[in-house]
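# one predicted model, sequence on top.
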Amino acid sequence: MRYISTRGQAPVLSFEDAMLSGLARDGGLYLPETVPTLSEAEIAALAGVSYEEAVARIIAPFVGDALGTPEEVEALIGRAYAGFGHPARAPLKQLADNHFLLELFHGPTLAFKDFAMQLIGQMFQTVLKRNGRKITIVGATSGDTGSAAIEAFAGLDNVDVFILFPHGRVSEVQRRQMTTPEAANVHALAVDGDFDDCQDMLKEMFNDFTFRDEVGLAGVNSINFARVLAQIVYYFTSGVALGAPHRKVSYCVPTGNFGDIFAGFLAKQMGLPVDKLIIATNQNDILHRCLTTGDYAKAGVKPSISPSMDIEVSSNFERALWFAYGGDGAAVSALMEELKAGRFRVSENAMGALTEHYLSGRVGEAETKAEIERMFKETGEVICPHTAVGTRVARDHQGATPVITLATAHPAKFPAAVEEACGVHAALPKRMGDLYDRSERVTRVDNDLAAIETLIRERRSA
Ligand SMILES: Cc1ncc(COP(=O)(O)O)c(C=O)c1O
Ligand SMILES: N[C@@H](CCOP(=O)(O)O)C(=O)O
């Protein structure tokens, strides 16, 4: 499989090179040249297999032999999911007649990011060992990607990890997950800015070829196609559990950077009978406004009780646009250029292509709290604020087709908001019981690209 950029001007790469490169050199995002499909029989045959076996079957056509023999790949996948706290890895619960909750928070850092990050941690180790390279991972996070990346890459010899997070805009648990690990190769940087500032600087670093090549820059945000690839799997396992390929399923996805819901779109392209992909946004509703008006227009990020979705420059929307514009890299480049001035307008044809697959909804702060309370009272489930945004939007789309809402984080990552909403204190698992007692190690940095590049140059191991 070969990988091409959404902007059409970067070298075409193999899976290994696309994974190690992160952002394409024309500023675009890598995508497989063609999306492989599974037959109905192959989809049906996923029923009853282990989560790990489903991973092996779904990633195979994307990765080819880049990760070694089938036995080596099987072992790598086994290591990736061994630390999950639930035998099903991604269990599905019924909430109402046609509404289900897909629990994606049983990984080591209690958020859906672990599904991909644990796997790509193993993938990176395999290819770095083989080619003897040393890399510097820089990640931007609104809370969950950072902790998952640190968990996956801490202590590795050939990797330095720098995580940029918005100072004061992540939950205390999220911050402590990033600032308390002791591994010397981990560096948590609290940026005076919001998540979009962090992600902008990350993309600028990739576009600064001198810096990029000097430090061996690699990315583990959903910029990296390998991240999105790993997230396709749970759409298949949950869809098949509800009767796919013989029955259609819709998904409601709490959305920010669009990586998770885009993985659902790829599952649909691969043959999973997905009816609608429902984008659930918090008060930072740029995607909902775009889906309903055609205007993608920045309005300023407002901090919310679902902080991981406080995002306006939704990185993977670029991949969705590439499909909506029929693979026209020049058109995508032009839109991204316009966005530098704050907005772009999606063409009528492209809007038609988007709305064929995606619906959207928006949930404000009060409604999110009310939904946490309602869920607890009516179902006994204690859910995190991001998941509440999802279940609230999903309830507006109940019909004959079952809807699966993705539960993207454990409520214990956001204990204050959850307790205020439903009166329940969501406790951390025992293994994390000392999180509040550990000492923190973090560097406060200005929202200044040059200063952060200098810090990375100085701190990375030679
Ligand atoms: C808990 C949680 N829910 C939802 C999201 C949004 O996911 P995505 O950025 O893939 O749209 C994030 C951040 O990525 C998250 O951490
Ligand atoms: N919500 C994310 C933001 C980054 O998303 P990613 O999927 O591109 O890594 C976070 O928790 O950091």
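Here it is on my side, so go on. Ligands and ions are numbered 1, 2, ... in the order given.

# list the contacts of residue 100.
Under the criterion of C-beta atoms under 8 Å, 6 or more residues apart in numbering, the contact partners of residue 100 comprise 92-94, 238, 242, 402-405. In this view, the C-beta of every residue, glycine as well, is placed from N, C-alpha and C.

# surely it is within a strand?
Yes: with DSSP: H, G, I helix; E, B strand; the rest coil as the criterion, residue 100 is located in a strand.

# what's opposite it in the beta bridge?
residue 94, residue 404 (DSSP bridges).

# what pLDDT does it get?
Looking at residue 100, its pLDDT reads 98.

# let's verify residue 349: helix, strand, or coil?
Bear in mind the rule, three-state DSSP; under it residue 349 is helix.

# count the neighbours of it for me.
By the criterion of other C-beta atoms under 10 Å, residue 349 has 11 neighbours.

# quick one: which of the contacts of residue 100 is nearest to ligand 1?
Using C-beta to the nearest ligand atom, residue 405 comes nearest to ligand 1 of the contacts of residue 100, at 11.2 Å.

# wait, the closest one touches residue 104, no?
No: look at residue 405 against residue 104 with C-beta atoms under 8 Å: they stay out of range, at 10.5 Å.

# the two: which is more packed in?
Under the criterion of other C-beta under 10 Å, the comparison of residue 405 against residue 104 puts residue 405 first, with 28 against 25.

# let me see the contact set for the more buried one.
Residues touching residue 405, when contacts are defined by C-beta under 8 Å, 6+ apart, comprise 95, 99-102, 251-253, 280, 387, 390-391, 394.

# would you turn the contacts of residue 100 into a markdown table with pLDDT and distance to residue 347?
Supplementary listing: the contacts of residue 100 in a markdown table, determined by pLDDT from 0 to 100; distance: C-beta to C-beta, whole Å:
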| residue | pLDDT | distance to residue 347 |
| --- | --- | --- |
| 92 | 98 | 37 |
| 93 | 97 | 40 |
| 94 | 97 | 40 |
| 238 | 98 | 33 |
| 242 | 98 | 35 |
| 402 | 98 | 33 |
| 403 | 98 | 29 |
| 404 | 98 | 31 |
| 405 | 98 | 31 |
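
# could you list the contact residues of the stretch 201-350 of the chain toward ligand 2?
221-222, 256-257, 259, 308, 315 (C-beta under 6 Å from any ligand atom).

# output stretch 316-331 in CSV with nothing but the alpha carbons.
Below are the C-alpha coordinates for stretch 316-331, written out as CSV (Å, rounded to 0.1, in the frame of the first residue of the first chain):
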residue,chain,number,x,y,z
ASN,A,316,-8.5,15.4,10.3
PHE,A,317,-11.4,17.3,8.8
GLU,A,318,-8.8,17.9,6.0
ARG,A,319,-8.9,14.2,5.3
ALA,A,320,-12.7,14.2,5.1
LEU,A,321,-12.5,17.2,2.8
TRP,A,322,-10.1,15.3,0.5
PHE,A,323,-12.7,12.6,0.0
ALA,A,324,-15.5,15.2,-0.3
TYR,A,325,-13.6,17.0,-3.0
GLY,A,326,-13.0,13.8,-4.9
GLY,A,327,-9.2,13.6,-4.1
ASP,A,328,-8.5,17.1,-5.4
GLY,A,329,-5.3,18.0,-3.5
ALA,A,330,-5.2,21.5,-5.0
ALA,A,331,-8.7,22.3,-3.8
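
# residues contacting it, please?
Here stretch 316-331 has contacts from 5-9, 28-29, 31, 222, 228, 257-259, 262, 265, 287, 290, 296, 332, 335-336, 346-347, 350-351, 353-354, 358, using C-beta under 8 Å, 6+ apart.

# mind checking which of those are in strands?
Those of the contacts of stretch 316-331 mapping onto strands are 5, 31, 296, 358, per DSSP state E.
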